[in-house]
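[1] quick check, what structure comes out for this input:
(chains A, B, C and D)
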Number of protein chains: 4
Amino acid sequence: MIDVQKQNDTREIDIQKVGVKDVEIPLIIQRKFDENQVVYAKARMSVSLPKHYKGTHMSRFIEILNEYREKNILGIDIKSMLKLMQERLDAKSSYLRFDFKYFIEKEAPVSKMKSLMSYDCYFEGTLDGDDYKFYLGAKVPVTTLCPCSKEISEYGAHNQRALAKIKISYDENEHIWLEDLIDMVESEGSSPLYPLLKRQDEKYVTEHAYENPKFVEDIIRDVVLKFKENKKINCYEVEIEAMESIHNHNAWAYQKSV
Amino acid sequence: MIDVQKQNDTREIDIQKVGVKDVEIPLIIQRKFDENQVVYAKARMSVSLPKHYKGTHMSRFIEILNEYREKNILGIDIKSMLKLMQERLDAKSSYLRFDFKYFIEKEAPVSKMKSLMSYDCYFEGTLDGDDYKFYLGAKVPVTTLCPCSKEISEYGAHNQRALAKIKISYDENEHIWLEDLIDMVESEGSSPLYPLLKRQDEKYVTEHAYENPKFVEDIIRDVVLKFKENKKINCYEVEIEAMESIHNHNAWAYQKSV
Amino acid sequence: MIDVQKQNDTREIDIQKVGVKDVEIPLIIQRKFDENQVVYAKARMSVSLPKHYKGTHMSRFIEILNEYREKNILGIDIKSMLKLMQERLDAKSSYLRFDFKYFIEKEAPVSKMKSLMSYDCYFEGTLDGDDYKFYLGAKVPVTTLCPCSKEISEYGAHNQRALAKIKISYDENEHIWLEDLIDMVESEGSSPLYPLLKRQDEKYVTEHAYENPKFVEDIIRDVVLKFKENKKINCYEVEIEAMESIHNHNAWAYQKSV
Amino acid sequence: MIDVQKQNDTREIDIQKVGVKDVEIPLIIQRKFDENQVVYAKARMSVSLPKHYKGTHMSRFIEILNEYREKNILGIDIKSMLKLMQERLDAKSSYLRFDFKYFIEKEAPVSKMKSLMSYDCYFEGTLDGDDYKFYLGAKVPVTTLCPCSKEISEYGAHNQRALAKIKISYDENEHIWLEDLIDMVESEGSSPLYPLLKRQDEKYVTEHAYENPKFVEDIIRDVVLKFKENKKINCYEVEIEAMESIHNHNAWAYQKSV
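    Model (predicted):
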């Protein structure tokens, strides 16, 4: 059978990224504590395509994914997958991203009852020749209680669920656990969220948030300060979006390291 | 050319609904006040298909939509569209739904400043022989402030954005404006939401919600009471979902008239 | 501390469903072949609330979920969870739904290469007094190739990805595996989908779909025939939606057992 | 009342972007032909915040939006809004994005019947001091018919709906209509999509796509060639995603001007 993809192309355009998107696959992720975690992941994989080829061979991405799905996925495995993509698809650069739900056990602040909380996380990697970059991302929900509303009102203060989206990069020979990254952000809201709260916990969380009012501007500054102080972190991107309880739109702040 | 759809089918199965989904179209909607409003709508249209036909003629739905897009859409027009669908597609019953964003001008409670607030609404109709039914639906965001959190805490109370999804039906010779339906629900939250609030409004809204704590259970009961008292409303469906500021899941309540 | 939820309510309205939505949790699901599968699930849980109570105790749903997350979930466990919900929340009826991604190994038609394909599935159960009902649901993607386009064109025929959404119910002492339910539907498209296809497979799949043209009307009739013939299935609901490659809207058909 | 936002901040962090997201508003857009079009838009607006301020004044964004909603929105108005945001919020830089559905009348290729097709579009602008940049974006659905599948199969070829996401920038004193931008991309698929096709049109579209097979790689190259040739276009970003009819994942390609 003819290999149409391998045919010559004369349009003189190198394509930066070509591959597959929304491939669903179970992965095994190493956790900080306990055993590994099986997660459901959505994969995006691509390679660069030199100008003289008509197309890439998309089925090879799926073959590589299937080879890796029994293994633990960590930064080091992302790099080896990227290398394999370069080889098998005869490409100069390769790109990979896994989006997945990650579960962490949380303890209620007073009753100490345990429950699982889920976070949207991702691993992202690029390999350009030998130049490897790895990114760790997470969406961390927190409570924000409005400092202005508290200040100007006789009683009460509007508060709401907010989502902090963070992305960091660190050196190849370093390691930051998702558990630690999430904790760095969660502790900077007016309060963390919990799946399970008994009455004594709800009292604690309500009062704690009231004592600790924060704008999205405050959270972004406090998270950025932490990221700057952490010597392992090379670069970061932080975005906070609060689903204002008094509006039908969101308050939003964004910062990227320069 | 052969009409494949009109060919005979021998599987002996009448199909209840067959048609098109996610057809995007601008519509003109009559408003209670002011001029008409041009809205962007997503349409779903279907007819029943008798067992002896292989298929329906999908392009006729789009033709009918195009004929109606210059007209005002109200309950009475929905019925005439449904009748036309029955005729043109030679069907016993027809079904139609338009989902659209509807904008209503809102006044801030103290500063009286005006701004536009959007609501997800829909018109839904069925015509089975001569039996016509019309449904009006809307999603109305409100604030809920937790009565338990207020009661047990020294200060503050968790509150959040909640979404009330309502659907009602009324007689063909009656009429209920979207403006009035939305108002019936909005006034039953701990507080309505507003796009634009200056500082004096924010103080008012914060204190008003604190004075008016409500569980999702309270809102559903209060909305149901109003719907029961309204003689025009034949049947209703109410669903409330609160994006809890202290949890990453939602509190939820549902009620349907019997 | 005061139990606000237990306070007396005078509005005289029994609430049909009140509970939690979008609770994320890992579950262990029994598979037809191999070991059990860990899936990521989204849970919805509710109970009825009698008119004399102000509210339900939402944290108890999360406690029950946490007790069950280490166990295998099957029809029989859904019933025991529903019973526990009735007991712990002192309710007449209870409702439960788990939505999850389920992975099944698929073999390419010619090369026989194996890969994993994911399906959106759900378990749904209600317990009203002693009356238990269980529903099994799945979304199954298939190819549809248009019979009209094939018939009237000199060459080619438009085809597209379509999604069949199915829901069935069977008796408490019967069992239908997700693997078998999905297979019943997948075999009725113009072709199944596969994550991994080498060139010889792509040739097979292309020609197989061309030899097997189907409207959404054909698929719904063929699936309904199968469901009617299956003595285990009590009732069913089938919906097909094809992302037409020549339109920006979808073709859609719907059927429910009477 | 105290202006909490204006209070001094000592964390020494300038915030790059802070503002509002998902504000819904109707806008009036100038069209190439006919009258203006009222569209439903989702707005994102932000400004930079210097390190000595605790917060920004979010309500001012909504006030500005309300002032502009009666006017025509074009590149030049985006700039004046950005300037007003700088002034009213005392900021060095400002950012604005409107996402909206835009309708264009399309003629079926043979029957010449007319219908409306919708496209997701956006206007995006930044003003940094006096440095203004404007971006025009659109999502354009097209058909892709697989060259490999056509080549290796005796008959037929898999085809599917694909989405081209494009973003361009042009000089302040130039203008490119959305109608023209969309046309540049639509003509590079295996076939355009149409809301309304009668049988003779369906035959034409089916055969036209079969005669014109294209990988996502082909479309991205052809679109990039056109953008490079167009002297008005300064920079571009192109992404194509095909909802493969034989897979449950998408083929994907991406290119950005350097």
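
[2] ok, now which ones touch A:His249?
    Neighbour list for A:His249: B:195, D:20-24 [criterion: C-beta atoms under 8 Å, 6 or more residues apart in numbering or on different chains]. (Glycine included, C-beta is placed from N, CA and C.)

[3] report the buried residues of the helix or strand encompassing A:Gly137.
    Per DSSP states H and E: A:Gly137 is located in strand A:131-145. By neighbour count on 16 or more other C-beta atoms under 10 Å in any protein chain shown, the buried set for strand A:131-145 is A:133-145.

[4] next, count neighbours for A:Arg31.
    Per other C-beta atoms under 10 Å in any protein chain shown, the neighbour tally for A:Arg31 reads 15.

[5] so what's it closest to, chain neighbours aside?
    Among residues not flanking A:Arg31 along the chain, A:Gln37 sits closest, at 5.3 Å (C-beta to C-beta, 6 or more residues apart in numbering or on different chains).

[6] ok, the one you found - contacts?
    Going by C-beta under 8 Å, 6+ apart, A:Gln37 touches A:28-29, A:31, A:102-103, C:26.

[7] among those residues, which ones are buried?
    Of the contacts of A:Gln37, these count as buried by 16+ other C-beta under 10 Å: A:28-29, A:102-103, C:26.

[8] pick the one among these closest to B:Thr126.
    C:Pro26 (41.2 Å; C-beta to C-beta).

[9] hey, what's that closest one bridged with?
    On the basis of DSSP bridges, C:Pro26 takes part in beta bridges with C:Tyr40.

[10] my guess is it meets C:Ala43, correct?
    No. With contact defined as C-beta atoms under 8 Å, C:Pro26 does not count as touching C:Ala43 (10.9 Å).

[11] OK, contacts around A:Leu65?
    Taking C-beta under 8 Å, 6+ apart as the test, what A:Leu65 contacts is A:23, A:25, A:43, A:45.

[12] turn these into a markdown table, columns for secondary structure, distance to B:Asp9 and neighbour count.
    As requested, the contacts of A:Leu65 are exported to a markdown table (DSSP: H, G, I helix; E, B strand; the rest coil; distance: C-beta to C-beta, whole Å; neighbours: other C-beta atoms under 10 Å in any protein chain shown):
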| residue | secondary structure | distance to B:Asp9 | neighbour count |
| --- | --- | --- | --- |
| A:Val23 | strand | 38 | 24 |
| A:Ile25 | strand | 40 | 24 |
| A:Ala43 | strand | 42 | 26 |
| A:Met45 | strand | 44 | 26 |
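
[13] filter those residues by proximity to chain D?
    Among the contacts of A:Leu65, the residues within reach of chain D (C-beta under 8 Å from any C-beta of the partner chain) are A:Val23.

[14] flag every buried residue along stretch A:201-213.
    Under 16+ other C-beta under 10 Å, the buried positions of stretch A:201-213 are A:201-210, A:212-213.

[15] got it, and stretch A:39-59?
    A:39-49, A:53-59.

[16] among these, which are located in helices?
    Counting by DSSP state H, these place A:Ser59 in helices.

[17] related to what we said a few turns ago, which of the contacts of A:His249 sit farthest apart?
    The most widely separated members of these are B:Pro195 and D:Lys21, with 12.9 Å between them, by C-beta to C-beta.

[18] what sits against A:Tyr210?
    Residues counted as contacts of A:Tyr210 (C-beta under 8 Å, 6+ apart) are A:145, A:150, A:157, B:153, B:155-156.

[19] out of those residues, which sit inside helices?
    Reading helices off the contacts of A:Tyr210 with DSSP H, I get A:Lys150.

[20] which of the contacts of A:Tyr210 are buried?
    Here, 16+ other C-beta under 10 Å leaves A:145, A:150, A:157, B:153, B:156 buried among the contacts of A:Tyr210.

[21] mind putting these in JSON lines, distance to chain C and pLDDT included?
    Shown next, in JSON lines, are the buried ones among the contacts of A:Tyr210 (distance: C-beta to the nearest C-beta, whole Å; pLDDT from 0 to 100):
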{"residue": "A:Leu145", "distance to chain C": "21", "pLDDT": "98"}
{"residue": "A:Lys150", "distance to chain C": "23", "pLDDT": "98"}
{"residue": "A:Ala157", "distance to chain C": "20", "pLDDT": "98"}
{"residue": "B:Ser153", "distance to chain C": "10", "pLDDT": "97"}
{"residue": "B:Gly156", "distance to chain C": "16", "pLDDT": "97"}
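
[22] for chain A, name the helix or strand with the lowest mean pLDDT.
    Ranked by mean pLDDT, DSSP states H and E, the helix or strand of chain A with the weakest confidence is strand A:72-73, at a mean of 62.

[23] tell me the angle of the helix or strand hosting A:Lys106 relative to strand C:93-107?
    In the assignment (DSSP H and E), A:Lys106 maps to strand A:93-107. Orientation note: strand A:93-107 sits at an angle of 150 degrees relative to strand C:93-107 (axes from the mean of the first three to the mean of the last three C-alpha atoms, to 10 degrees).
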